[in-house]
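K.L.:
model this:
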Amino acid sequence: PAIAGDPTRYVNALREETSHFDVQGLKFGDNRAYRFPMDEFYIPLTTSSSAGGPIPLQEALAAHRKLLVVGDPGSGKSTFLKRVTFQLCNEYAGGGPLPVRIEAAVLAAYIAQQHTKTGPADASSPDWIPVFLGAQCDERNRGLGSEYFRAKLKAGGCTVLIDGLDERPDEASRERLAKI
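P.N.:
Residues are numbered from 1 along each chain as shown. Next comes the predicted model:
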């Protein structure tokens, strides 16, 4: 069945947010960070395969329904997720899945703030994802609500990318986000 809602503003905004990366510490005279286009300066990462040899991380992502990317701080995990999101935004118009990029810290703060007010009773319920995404779209005027995301997620029409699980300050918060 068709899912009501037009994701054009959402996808365009997400593409713009992920189309570049800013180099922290290098500033223009007016204190703006140097900005580089994602598709021109991204350096592909590799990972180990079950056969033992290195493979591009993009291939590992395509081969697995669920993938956890681990690495030291500054190793490129967040940039990789931005690059994947940017690519998915470009592929969406051709029938690809809807990209959903979530910052773990922002999702955790939203759940902590809203948990007693609205939303699922269980703070580790995956039902928080569409509630959170709908609230983010309302806040940023992107024209989609939680029901759109709930239906799209249920239909399997999304690729969900959660960044920063390792940046949560406590084990309980990391466990809740991992369950989500």
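K.L.:
ok, residues contacting the longest helix seen in the chain?
P.N.:
In the chain, assigned by DSSP state H, the helix with the most residues is helix 77-92. Identification of contacts with helix 77-92 by C-beta atoms under 8 Å, 6 or more residues apart in numbering yields 7, 11-12, 14-15, 18-19, 21, 38-39, 42, 45, 57-58, 61, 69-71, 96-99, 101, 159, 161, 163-164. Backbone N, C-alpha and C define where each C-beta goes, glycine included.
K.L.:
helix, strand or coil for F36?
P.N.:
On the three-state scheme (DSSP: H, G, I helix; E, B strand; the rest coil), F36 is labelled strand.
K.L.:
Adjust the sequence numbering to begin at 3 for everything that follows.
P.N.:
Happy to do that; since the first residue is 3 now, the last one works out to F38.
K.L.:
Run through the bridge partners of it.
P.N.:
Listed by DSSP bridges, the beta-bridge partners for F38 are F23.
K.L.:
Tally up the residues packed near it, please.
P.N.:
By other C-beta atoms under 10 Å, 13 other residues sit near F38.
K.L.:
Next up, the contacts around it.
P.N.:
Contact analysis of F38 by C-beta under 8 Å, 6+ apart lists H22, F23, D24, V25.
K.L.:
I164 now?
P.N.:
Contact analysis of I164 by C-beta under 8 Å, 6+ apart lists I104, A106, L109, L179, I182.
K.L.:
Of these, which belong to helices?
P.N.:
Among the contacts of I164, the members found in helices (DSSP H) are A106, L109, L179.
K.L.:
How many residues are close by the last one?
P.N.:
Read that as L179. Neighbour count of L179, defined by other C-beta under 10 Å: 21.
K.L.:
Which pLDDT does the model give it?
P.N.:
Note on L179: pLDDT of 83.
K.L.:
Quick check, it in contact with P171.
P.N.:
No: with contact defined as C-beta atoms under 8 Å, L179 does not count as touching P171 (11.8 Å).
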